[in-house]
Structures are given as structure tokens and as C-alpha cells.
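J.: Whatever this is, show me its structure:
(one chain, ligands or ions: 2)
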Amino acid sequence: MPLMTREEYIDSLRNLKQKVYLFGELIENPVDHPMIRPSLNSVAMTYELAQKNEYEGLMTTTSSLTGKVVNRFCHIHKSNDDLINKVKMQRLCGQNTGACFQRCVGMDAFNAVYSTTFEIDEAHGTDYHKKFKKYMEYVQEKDLVVDGAMTDPKGDRSLAPSKQKDLDLFLRVVERREDGIVVRGAKAHQTGMVNSHEILVMPTIAMGPDDKDFAIAFAVPVDAEGIFSIYGRQSCDTRKLEEGAEIDLGNSTFGGHETLTIFEDVFVPNERIFLNGEVEFSGMLVERFAGYHRQSYGGCKVGVGDVLIGASAVAADYNGANKASHIKDKLIEMIHLNETLYSCGIACSCEGSATKSGNYQIDLLLANVCKQNITRFPYEIARLAEDIAGGLMVTMPSEKDLKDPKIGPYIEKYLKGVASVPTENRLRILRLIENLTLGSAAVGYRTESMHGAGSPQAQRIMIWRQGNLDKKKKLAKAIAKIKE
Ligand code: SF4
Ligand code: FE
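T.: Numbers count the residues shown, from 1 in each chain. Ligands and ions are numbered 1, 2, ... in the order given. Reported below is the predicted structural model:
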């Protein structure tokens, strides 16, 4: 059965020779680096949960390509149930990590590339779909993590790729060879790159006839010659480096990460190229990937939201404020907002339909509505969490002070809430809320909710396009008895 255990996954990363820079230095061993490890633990959870009998059918499913049991993160969706289970799986992973578990970008890229390559072949007589299916069999068999890489740096936003002063600002073909292509450029905001085995590159925007060299999709191993990543900074990310910051971290086990990944003249063999100059399909691929990833947030952010709501309720218990009616009302509001997000994720899945290739795609309008809500509700949920937590969340002393034999007892005494709860527990839950609202997990829960899978305006454009205003006007005119 092609399912790796948590340990096998971690070992498989050790075998890679991925180049990662952090604080100006090449990291010798990213797997055990204290700043990187929490993000690895989050991805490892997608393997760990898949080993549990109780999640059989949710974390795992049967591949339509090989007939074998695979991790759902490597699956090509074959029904509405698959789309629904995807969202449920993401909520589960968010609940178990309280962080971004990174593996969804690959899953969303697989499904977008799968259906788009089918339609390119139909139009151009190419064989991308066959090649991609073969690639997917490899991914499923090895149970790999694949970084779905879409976002180019984009340079001057008013100019097309081929009109940029520096052409490398959109990843492009710099050489065409008999056996493949050589590419150069970069991908920004790459979620989970360091914890991935492979990269599946896609174009970042719809393109015109002059942009042929930029309309490319392909897969390469993360340690292919010419690829290196620069690790992104996160709020509070060096706390791990200080001694005794386990409490201060808020979530010392799990996290997420992003990178800026450079492709310095990287060779891609023909069998791993899935789009090569068919510019009119670039927009379709972007739209489909974005649609899937906008659905994804209706699962993962909801799972993390569950953790934040729980933490807020625990903070209220520890403060002795849990009976106050306004606290209860705030918790109700948080649950209401969180479940509204989940409803959107489920709804766009239920309303999904088969593409020409046979895999299932979400309803694009509802997926965009889902993501538009994601750009707002986590902020409100975080605001309410901060309200319930109280100011101590941002003024309390460090773990070192708490553990100090001389001043620790004062913290123990004066920062106590209800008498039965150790002060340390109170500080722990407040640090978790800090982690999610202001610390390293806020990268995923707040700002990534705003910009991930496209910034809010991108969804509004799609909502305008998909909203079928003409039909709505007709409905109104019919009822108002307006004849034209
Ligand atoms: Fe998955 Fe959510 Fe992280 Fe995106 S933000 S990779 S959907 S967990
Ligand atoms: Fe994302």
C-alpha cells in the first residue's frame, strides 16, 4: 500500500539535497532545524492521521489511476463526495495542528493540471494529460508532498510577462532543447516548499500570444540542479532559538512556512512538461487551481478556527469569566462565523461537477464566495479571541521569568486567575491565542487568509464574472412585468 508513515516521510526528506537559505546561511539540515521543524511536524500530521483506522476513507481513498489506497492529499477527485471529504479532511488537519499543514497546494495543483491538460490535448493534439497521469501515478505510489507553485514575483503589475523590463520576473523558458526545456525565474510565497519532495509549477496569470515562453507547467524534484529557496520570516519566529521558550511559543510543535524559490536555469525533461506555450490555457489553469484552493480554506481555516475558539473558551474559564453573558455571546459569534466558512467550503463541493477529463471541480462562484469570506471572518474571530483573552496576552512575562526561582513566585501569585488553575496553564492558553492572532500562526490564519489563493479583489472579479447578473435582471423584469 503506497502510504508512508510519519517516520518514513521524515526520513524521505533527509535523503533530499534541497538548498535552503535562512538568515543568510545555507541550512545544512533543514529537517532538524528548530525554526523549520514545526512546519515539518504539521505536514507529518497528514501522514500520521492517514495511518489511523478511524480516518480510513477520509484521510485515505482509492485511486482511480491505480486502484490502490492512497492518501487523499494525492487524490484526483472523482465525485462530489471526494470534494466534500477533502474539506472535512482539511478541517481535521487544522484541528490537529492549529497551523497550516501545507500539503493542499499540491493536491489543488494536481486536480487543476489534470483537467486542464485533458482540454489542451483535445484542442492541440498534444499528450500532456497522458504524461501527467503517469506523473500522478508516481506521486501516489511514493506518497509524496508536492509544492504547487503558482505565484510569480510579477514585477510591474501593469505589464504583461513579455513586457517586463526584467523578463525573469515571470518564470520562463530560456532554452528549448530536443530533450526538454531550461527555465529561469522564481516563485514567491511557496507554502511548505522545504517539506516537499517535488514542485509542480504552473503559470500565474492568463496570458496573451506574446507570452508563449511564460505559459508553462511542469514538475521537478525540489533538489533539481539550479533550484534554491530563501526561507521567509514570521512574527516571533526566533522564540524557538531562545532557551526555555516552549510556553512563549504558544504552539511549540506545529507551524507553517513560506519561501521565495529561485529557478536558476533548471532543466525540465519532456516527460515532465504539462503546458508549453499554449497560452490560451494559462488562464484556465490559474482559475481552476485558485478555485480549488479557495475551497481548501473552507476546511483548513475552519479547523484552526476551532482551536482558536476552544482556546478563547478556556481563557474565559481560567479568568473566571465564562458565566458572563457577553463572553458567551462572543463565543457564539465566533462559532457562527467559523461554521459559515465551513458551510461555504461544503456548499461549493456539493455543487461541484465533472470536468471533461472526468475529475470533479468545485462550483467556482461558491468557492470564490468561500474565499471572500475567508478574507474577513478570521480577522473578526481573532478580534473576538483577543477581546476574551484580555490584555495580559500581550503584556505577560516570559517563560524564563515564570521559571525563575526568585521572580517566578510573584508571577505565579499575581497572574493567577481562578484559584484552582495553575498560573502556568493560564499563560499557556494566552500564548496559544497570541500565536494564532499575532504570532507565527497568524501568518496562516490572518494574512494568508487575506492573500492566499489570490487577494480579495481577485475573488470579486470572479464573483462578478460568475454571478450571472443578466439572469437576475430577467427575473426582476419578469416579476415587475417589464416587456422589452
Ligand atoms: Fe492547506 Fe490551508 Fe495551508 Fe493552504 S493555508 S496549504 S489550504 S492548510
Ligand atoms: Fe495558501
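J.: Let me know the average pLDDT across the longest helix belonging to the chain.
T.: If you go by DSSP state H, the chain has its longest helix at helix 282-319. Taken as a whole, helix 282-319 has a mean pLDDT of 98.
J.: what about it and ligand 1, any contact?
T.: Yes. Under the criterion of Cβ under 6 Å from any ligand atom, ligand 1 is reached by helix 282-319 at 296-297, 300. (Each C-beta comes from the backbone N, C-alpha and C, glycine too.)
J.: Which of those ranks first by neighbour count?
T.: Sorting the residues of helix 282-319 next to ligand 1 by how many neighbours each has (other Cβ atoms under 10 Å) puts Cys300 first, at 30 neighbours.
J.: tell me the contacts of it?
T.: When contacts are counted by Cβ atoms under 8 Å, 6 or more residues apart in numbering, Cys300 touches 90-91, 93-94, 100-101, 104.
J.: Could you do Thr204 as well?
T.: Taking Cβ under 8 Å, 6+ apart, we find Thr204 in contact with 150-152, 154, 170, 286.
J.: From those, list just the buried residues.
T.: The neighbour-count test (16 or more other Cβ atoms under 10 Å) applied to these identifies 150-152, 170, 286 as buried.
J.: and the two most separated of those residues?
T.: Between all members of the buried ones among the contacts of Thr204, the longest pairwise span (Cβ to Cβ) is found for Phe170 and Val286 and amounts to 12.4 Å.
J.: what do these two both touch?
T.: 203-204.
J.: Can you pull the residues of the stretch 301-450 of the chain lying near ligand 1?
T.: Neighbours of ligand 1 within the stretch 301-450 of the chain, by Cβ under 6 Å from any ligand atom: 444, 448.
J.: Show me where the stretch 301-450 of the chain dips below the pLDDT cut-off.
T.: For the stretch 301-450 of the chain, applying pLDDT under 70 flags no range at all.
J.: what ranges do the helices span in it?
T.: Taking DSSP state H, counting those that start in this stretch as the criterion, the stretch 301-450 of the chain carries its helices at 325-350, 364-374, 377-389, 392-395, 399-403, 408-414, 423-437, 442, 448-451.
J.: Kindly state the pLDDT recorded for Leu241?
T.: We have a pLDDT of 73 for Leu241.
J.: Near ligand 1, which residues of the stretch 51-200 of the chain are found?
T.: Taking Cβ under 6 Å from any ligand atom, the part of the stretch 51-200 of the chain that reaches ligand 1 is made up of 100-102, 104-105, 191.
J.: rerun that using 8 Å as the cut-off
T.: The stretch 51-200 of the chain comes close to ligand 1 at residues 90, 93-94, 99-105, 108, 191-192, as judged by Cβ under 8 Å from any ligand atom.
J.: and those, which of them are in strands?
T.: Counting by DSSP state E, the members of these that fall within strands are Thr191.
J.: now for the residues of the stretch 51-200 of the chain next to ligand 1, which pair is the farthest apart?
T.: In these, two members sit farther apart than any others by Cβ to Cβ. They are Ala99 and Asp108, at 18.2 Å.
J.: who wins for proximity to Val222 among the helices of the stretch 301-450 of the chain?
T.: Val222 lies closest to helix 448-451 among these, at 21.0 Å (Cβ to Cβ).
J.: Okay, buried residues for that closest one please.
T.: Using 16+ other Cβ under 10 Å as the test for burial, helix 448-451 gives 448-449.
J.: do stretch 132-147 as well
T.: Buried residues in stretch 132-147 (16+ other Cβ under 10 Å): 132-133, 135-136, 139-140, 143-147.
J.: just checking, which of these belong to strands?
T.: Within the buried residues of stretch 132-147, residues falling in strands by DSSP E are 146-147.
J.: from the buried residues of stretch 132-147, which single one is nearest ligand 1?
T.: Taking Cβ to the nearest ligand atom as the measure, Asp147 is the one of the buried residues of stretch 132-147 closest to ligand 1, at 9.8 Å.
J.: Apart from its neighbours in sequence, what residue is nearest that closest one?
T.: Ranked by Cβ to Cβ, 6 or more residues apart in numbering and with sequence neighbours excluded, the top spatial neighbour of Asp147 is Ser196, at 4.1 Å.
J.: Next one, pLDDT for that neighbour please.
T.: For Ser196, the pLDDT comes out at 98.
J.: same deal with Val268?
T.: Val268 is assigned a predicted lDDT (pLDDT) of 98.
J.: which residues does it contact?
T.: Residues counted as contacts of Val268 (Cβ under 8 Å, 6+ apart) are 180-183, 218-220.
J.: and if you look at Glu264?
T.: Taking Cβ under 8 Å, 6+ apart as the definition of contact, the neighbours of Glu264 are 184, 226-228.
J.: same thing with Phe281?
T.: With contact set as Cβ under 8 Å, 6+ apart, Phe281 has these partners: 116, 119-120, 123, 215, 275.
J.: If you rank the residues you listed by neighbours, which is first?
T.: Looking at those with neighbours defined as other Cβ under 10 Å, the largest count falls to Thr116 at 30 neighbours.
J.: Pretty sure it sits against Glu287.
T.: No. With contacts defined as Cβ atoms under 8 Å, Thr116 does not count as touching Glu287, sitting 9.3 Å away.
J.: rewinding a little: now, of the helices of the stretch 301-450 of the chain, which is deepest in the fold?
T.: For those, average neighbour numbers computed from mean count of other Cβ atoms under 10 Å are highest in helix 364-374, which has a mean of 25.
J.: now what about it, what contacts it?
T.: For helix 364-374, contacts defined as Cβ under 8 Å, 6+ apart pick out 287, 291-295, 297-298, 301, 340-341, 344-345, 347-348, 351, 449, 453-454, 456, 459-460, 462-463, 466-467.
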